[in-house]
Structures are given as C-alpha cells and as structure tokens.
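Chemist: Got a predicted model here, sequence first, then my questions.
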Amino acid sequence: MKPQANSRRPEKLSAIQEIDSIIANSDYCFVLNYGGLTVASLADLRARLAKSQSALKVVKNTYLAKALETKGWTGLEAVLNGPTALVTGSGDPAEVAKSLMEFLQKNDKASVKGGQLESTSLDAAGVKQLSELPSKDAMRAKLLGTLQAPATDMVRVLHASLKSILYVLKAKAEKDGGAA
C-alpha cells in the first residue's frame, strides 16, 4: 500500500517547511557540493557569508527540490545530487558569489553546483561570472558618475565663458585707462 502525503513523519515536514521558509525569504540561492569539507571549513564559510547577509545550510536534495518548486525556481534539479549545501540571503548576490569563489579557491574539496537569481538559473560557470562583477554599490557609483559628467562639463564651459568675458572687459577697461 502506498503511503499518503499526510502520513509523513513530522520531522520531515518540519525540515521541508524550514527550507521553504528560507527560500521564500531569499532573493537568490547558490547550491554547493560541500563533500570533503571539515566542520572548521564550514564554520569559516558561514562566517564569511554572514558578513554579506547570507547563510549556509546543509540540506537534503529531495527537500530542496520541493522548496525550489514551491518558490517557482526551476532549472536547478539537475545539480541536486551528492552532498548539498544551500547558500541564501538578501543582499548583493555578486558579493556573495565573490566570497564563495574566494573560499572555494582555497578549499578545492568543495565546488559550486549552480545558483538561482530571481527567475534565472545559473550553472557553475554563471556563478563564477557573477563573482567577477563589481558590487552593486560600485556599479551605482559608476552610473552616477556617468550621469553627472555632462552636467559638470556644461558648468565648466559656462564658467569658462563667463571668465573669458570678464577678462575681455577688464582688458578693455585697462586699455581705456580706467580701473575695472
């Protein structure tokens, strides 16, 4: 006889609800293969991620698949195999990806499987490309500088024209023998 959905063990339901809640409150997620990492390495990674408002949780692949389906994030099903850790948060995903890639360069036993940004699924190469982008604050500063450049140039030109006119008037007044 096939067990019914409501006959699940309470601890399984609780774990699935916890992962659902984590994913529902996240703007992004990265899926890692953490196999071979020590507890100390995982603690180090958690500390790095906490600086960028994100967290790491070791999850079962079947539970994660259900939570991703609930959120409507598709495309990560192919990477849900082996030991899986989930990195989630709400902040700058490029900053988190950068932290992950720095950590993974030092710890070659772990690897990125993929990620999800809103409705876009990323493979491992996509997460690496994301880590190479500047942070949101750096991009905003660059955009603001680009937007301000024409106005600043116009003020310089107008100021230079007024200065030139004043120099001409001063020279004319001095030539006529009077004070400016």
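Modeler: Nice, thanks for sending it over.
Chemist: show me what contacts the most centrally placed residue in the chain?
Modeler: In the chain, the C-alpha nearest the mean C-alpha coordinate belongs to Pro93, at 1.0 Å (CA atoms, centre = their mean). Each residue near Pro93 by CB atoms under 8 Å, 6 or more residues apart in numbering is listed here: 27-28, 115, 117, 130. Using the backbone N, CA and C atoms, a C-beta is placed for each residue, glycine as well.
Chemist: pLDDT score assigned to it?
Modeler: Model confidence at Pro93, given as pLDDT, is 89.
Chemist: Buried residues of the longest helix that the chain contains, list them for me.
Modeler: The residue-count maximum for a helix in the chain (DSSP state H) belongs to helix 136-175. Within helix 136-175, no residue is scored as buried using 16 or more other CB atoms under 10 Å.
Chemist: now do stretch 96-103
Modeler: Neighbour counts over stretch 96-103 (16+ other CB under 10 Å) mark 96-100, 103 as buried.
Chemist: how would you label the spatially most distant residue from the centre of the chain: helix, strand or coil?
Modeler: Centroid-distance maximum for the chain: Gly177 at 68.6 Å, with CA atoms, centre = their mean. Following DSSP: H, G, I helix; E, B strand; the rest coil, Gly177 is assigned to coil.
Chemist: Can you show me the helices along this protein?
Modeler: Taking DSSP H as the test, the helices found in the chain are 10-24, 39-50, 61-71, 93-106, 124-131, 136-175.
Chemist: okay, now Val127: neighbour count?
Modeler: Val127 is flanked by 24 other residues according to other CB atoms under 10 Å.
Chemist: Most neighbours among the contacts of Pro93, which one is it?
Modeler: Among these, the one with the most neighbours (other CB under 10 Å) is Gly115, at 27 neighbours.
Chemist: just to revisit the earlier point, show only the entries of the contacts of Pro93 found in strands.
Modeler: Judged by DSSP state E, the contacts of Pro93 include 28, 115, 117 as members of strands.
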